[in-house]
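# Please work out how this folds:
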Amino acid sequence: MFLGKIKCVLRIVLMACFVAIAVAPVASQTPWTGNGGKGIRLTVLEPVGKGLSANEAWMPSLVQGSITSDFNRYSAMTIVDRQNLEKIIAEQQQSLSGNYSDADYVKIGHLTNASLILTGSISKTANAFMLEFAVTDVESGERRASYSPKSVTPASLENLSAVKEATADLLSQLGVTLTERGLTELKRPLAVAQVQAETALAQGVVAQRQGTELEALSYFIQAAGHNPNLAEAASRLNTLTTSIASGNIGVNVRSDIQLRNLWTERLEETETFYANSLKERPYFLVYSTNINPLEYSGKNVSLSLESIALYPDLSYASAADQVVQTVRKGLQATGRATAWGLANWPVQSVSSPSPFATSFPGFWVEVEVLNAKGESIEAKASVWLPMGWEVAVHQNGTTAAKPTGGIIMGVVFPAVDSNAVTDHLGIRINSIDGIQADRVVGQRRIRIMNTTEFTRSPMASMYRGIRPGNTNEEWSFFSWQSLTGASSWRAGNYHIAVINRGVTSIGKEAYQGQGFSHLNIPNTVTSIGESAFKNNRLTSLILPNSVKTIGNYAFENNQLTSVIIPNSVTSIGQQAFYNNRLTNITIPNSVSNDNSYTFENNPLTSVTIGPNSNLGRGDNWNGGRWNSFYQYYIKNNRMAGTYTFDGSTWAYRP
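Below you'll find the model as predicted:
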């Protein structure tokens, strides 16, 4: 037994020596020359936040983490570990962030055995932030280094480039001479994933300090996911996960009933967190820069923006699911879940309505067209972008929230003054759900970029090479199938049909009764057959300039509220748009045929039509709104213009 212990000790010592040799830095590989500040023990306190909003409360922690990490990497100083620092300060019942006095510096320095204390502040101004830092000798009170107040942009603070600039300056003042390569590495912009990891870590630290354990856990999960090499995130995640999954509620209880009540409260807290985390997740709002004319009418032209879509940050759903699983492990670890009637959680939620139900909300986005000079041409449109969640709750307690994101929509700008249109047009996102776009971006909910920027950005890596319907887990919330001449993407209540490019003719009853809610027809299609899209759930329709004929019943029994018919169309069949929700339509002069009830059973209030059209003629003049319009049109000598309905009669204006 004794010899066994000796062998074990020797083995540990040898392993420690090997590790020490393996990690010992080679002088030529260090990013500094000289001793790099060896012998100095430094404590980095969290900067004081001044004028920061609740949504920016994590910024001081982000800065503290960045400086601590870089001082560790780019000097030979000994830097006090932040988690140990938090524990020491908490034990002394001092504020983790705030204004410290000289006496506080001395006390913290002695407690951490530090010779130097690095302090600072982040002050918010109207359009920027002010950074200020100082390094103080604990014993003498002498200012050893300082970084005078400097104005930095929000972007340079969030991506840490401004903080790294300050770090390089402070290191130099403390006698650390970086090599050219070391200085370049220090100031090199971080990868997006690294910034996201550092940000999530800082948000988690603040959440944990505020006592919101589940929110903190979610952030640590995200931080570790973005950067598995971020040691502090992994350490905090492991500690918090172990604590929650152990089943220990963290307080003294006197009875089983009291313990059950406390666990019920935790489950309710988890459900509230889950619902809020899905509702407040961040997105990428991505829009195309392709703007094309759809239809000319006198001095006006209708414009079409090719696409706009919302892409969710997929890490949020994954983190929320892991939080639920961790809490369930803790519940099961108590051994009392069945006795308490909570064994089926989260399949059976403790709050109502259940936060694990599928939800399909969305955002209203206002888009505006700009001319070549970046000026508005008074062309605005609002589009509703669906963005919800399909949630699966399994008997083993696992959840799977899959965001219904990436649904591509088109935007139409009707009746734009053609004199204002320039060869090169741009797009501006004005508002999202009635909130100015810059404010939404400032709240970190949505990042706005065009398709080129998104494709080139590291943020697109989670989507790159992944087509909806592939077996890749990240996109499994889409079901995808190949139809004849088309692809069909289903995401919850949204079912999108995309006709393949190269298709010239859509046949009879080709996609009848498929449940499509959205449709994308390429400009290669020239004819749409009889009943091709009958009995679906289409709400809007943009036909490309290539379409010439629309067959009988083609779009009958849908939910269309808007239709753009281009000048290329010469024939529209009988009851082609029968039984929809159209209130106004424009029929181009190119249409000339003899078919009945084309737009019957729609709540029409406005029809713009050319002269001498035979469209809609039928025998039943008492059938409905369309027939009453067409009767008035004939009595008005088939004159071109706009016909309006006031609820009882039709009126005409040229």
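# For the stretch 201-350 of the chain, which segments count as helices?
213-226, 231-245, 256-279, 314-333 (DSSP state H, counting those that start in this stretch).
# What helices and strands are in contact with the first one?
Think helix 213-226. helix 192-209, helix 231-245, helix 256-279, helix 314-333 (3 or more Cβ pairs under 8 Å, 6 or more residues apart in numbering; DSSP states H and E). (Glycine included, C-beta is placed from N, CA and C.)
# Make TSV out of these and add distance to residue 166.
Shown next, in TSV, are the helices and strands packed on helix 213-226 (distance: least, Cβ to Cβ, whole Å):
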stretch	distance to residue 166
helix 192-209	15
helix 231-245	20
helix 256-279	33
helix 314-333	29
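# can I get the ones you listed in JSON lines with mean pLDDT?
Listed next are those as JSON lines, based on pLDDT from 0 to 100:
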{"stretch": "helix 192-209", "mean pLDDT": "91"}
{"stretch": "helix 231-245", "mean pLDDT": "93"}
{"stretch": "helix 256-279", "mean pLDDT": "87"}
{"stretch": "helix 314-333", "mean pLDDT": "86"}
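# Pipe the helices of the stretch 201-350 of the chain into CSV and attach mean neighbour count and distance to residue 115 per row.
Formatted as CSV, the helices of the stretch 201-350 of the chain follow (neighbours: other Cβ atoms under 10 Å; distance: least, Cβ to Cβ, whole Å):
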stretch, mean neighbour count, distance to residue 115
helix 213-226, 24, 31
helix 231-245, 18, 23
helix 256-279, 17, 42
helix 314-333, 21, 40
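# how about those, which one is nearest residue 508?
helix 314-333 (40.6 Å; Cβ to Cβ).
# before we move on, back to that, of all the helices and strands packed on helix 213-226, which lies closest to residue 567?
Nearest of those (Cβ to Cβ): helix 314-333, 42.4 Å.
# So which elements touch that closest one?
Against helix 314-333 (3+ Cβ pairs under 8 Å, 6+ apart) you get helix 213-226, helix 231-245, helix 256-279, strand 399-403.
# continuing past the strand or helix carrying residue 412, what's the next helix or strand?
For residue 412, the host element (DSSP states H and E) is strand 409-417. Note on strand 409-417: by DSSP H and E, the next helix or strand toward the C-terminus is strand 426-432.
# From residue 226, how far out is residue 380?
Remark: distance between residue 380 and residue 226 (Cβ to Cβ, to the nearest Å) = 37 Å.
# before we move on, what about residue 505?
Relative to residue 226, and taking Cβ to Cβ, residue 505 is found at 48 Å.
# returning to that earlier point: okay, the helices and strands packed on helix 314-333 in CSV with distance to residue 127 next?
Listed next are the helices and strands packed on helix 314-333 as CSV, based on distance: least, Cβ to Cβ, whole Å:
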stretch, distance to residue 127
helix 213-226, 28
helix 231-245, 31
helix 256-279, 29
strand 399-403, 33
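# List just the one of these that sits closest to residue 598.
Of all those, strand 399-403 comes closest under Cβ to Cβ, at 39.3 Å.
# mean confidence for the closest one?
Mean per-residue pLDDT for strand 399-403: 63.
# Stretch 552-571 too?
On average, stretch 552-571 scores 90.
# got a list of what residue 237 touches?
217, 220, 221, 223, 224 (Cβ atoms under 8 Å, 6 or more residues apart in numbering).
# how close does the residue lying closest to the last one once chain neighbours are set aside sit to residue 325?
This means residue 224. Nearest non-adjacent residue to residue 224, counting by Cβ to Cβ, 6 or more residues apart in numbering: residue 233, 4.7 Å away. To residue 325, residue 233 is 18 Å away according to Cβ to Cβ.
# Report the separation between the two terminal residues of stretch 366-381.
With Cα to Cα, to the nearest Å as the measure, stretch 366-381 spans 6 Å from end to end.
# quick one: that stretch to chain centroid distance?
25 Å (Cα atoms, centre = their mean, to the nearest Å).
# can you map out the strands along the stretch 1-150 of the chain?
Counting by DSSP state E, counting those that start in this stretch, one finds strands in the stretch 1-150 of the chain at the ranges 32-33, 41-44, 48-50, 78-79, 116-124, 129-137, 143-152.
# Point out the most buried one among the ones you listed.
For the strands of the stretch 1-150 of the chain, average neighbour numbers computed from mean count of other Cβ atoms under 10 Å are highest in strand 41-44, which has a mean of 23.
# what's the spacing between it and its chain's center?
Using Cα atoms, centre = their mean, the offset of strand 41-44 from its chain centre is 37 Å.
# Sheet partners, orientation included, of that strand?
Within its sheet, and counting by DSSP bridges, strand 41-44 is paired with strand 78-79 (parallel), strand 116-124 (parallel).
# Tell me which of those strands sits nearest to residue 349.
Distance to residue 349, taken as Cβ to Cβ, is lowest for strand 116-124 among the strands paired with strand 41-44, at 39.7 Å.
# list the contacts for residue 230?
Taking Cβ under 8 Å, 6+ apart, we find residue 230 in contact with 197, 198, 201, 223, 224.
# give me phi/psi at it?
phi -80, psi 100 (degrees, to the nearest 10).
# so how far is residue 346 from it?
Taking Cβ to Cβ, one finds residue 230 at 29 Å from residue 346.
# And residue 65, by the same measure?
In terms of Cβ to Cβ, residue 65 sits 33 Å off from residue 346.
# re earlier: among the helices of the stretch 201-350 of the chain, which is nearest residue 175?
With Cβ to Cβ as the criterion, residue 175 lies closest to helix 231-245 of the helices of the stretch 201-350 of the chain, at 26.8 Å.
# With distance to residue 593 added, can I get the strands paired with strand 41-44 in JSON lines?
Formatted as JSON lines, the strands paired with strand 41-44 follow (distance: least, Cβ to Cβ, whole Å):
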{"stretch": "strand 78-79", "distance to residue 593": "81"}
{"stretch": "strand 116-124", "distance to residue 593": "65"}
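# what about stretch 242-261, start to end distance?
End residues of stretch 242-261 are separated by 22 Å (Cα to Cα).
# Now do that stretch: distance to the chain's middle.
Computed by Cα atoms, centre = their mean, the chain-centroid distance of stretch 242-261 equals 36 Å.
# ok now do residue 600, which residues does it touch?
Taking Cβ under 8 Å, 6+ apart, one finds 575, 578, 579, 623, 624, 625, 626, 627 in contact with residue 600.
# Count the residues that sit near the closest residue to it other than its chain neighbours.
Nearest residue to residue 600 in three dimensions, chain neighbours excluded: residue 626, at 4.3 Å (Cβ to Cβ, 6+ apart). Residue 626 has 25 neighbours, counted by other Cβ atoms under 10 Å.
# gap between residue 626 and residue 580?
Counting by Cβ to Cβ - residue 626 and residue 580 are separated by 11 Å.
# for the nearest residue to residue 327 once chain neighbours are set aside, what are its contacts?
Nearest-residue entry for residue 327: residue 270, 4.8 Å, with adjacent residues in sequence omitted and distances by Cβ to Cβ, 6+ apart. Neighbouring residues of residue 270 by Cβ under 8 Å, 6+ apart: 214, 323, 324, 327, 346.
# One more: residue 198?
By Cβ under 8 Å, 6+ apart, the neighbours of residue 198 are 62, 65, 66, 160, 190, 223, 227, 230.
# nearest residue to the first one other than its sequence neighbours?
Put plainly, it is residue 62. Using Cβ to Cβ, 6+ apart and skipping residues adjacent in sequence, the residue nearest residue 62 is residue 202, 3.8 Å away.
# Give me the local confidence score for residue 347.
Looking at residue 347, the pLDDT reads 82.
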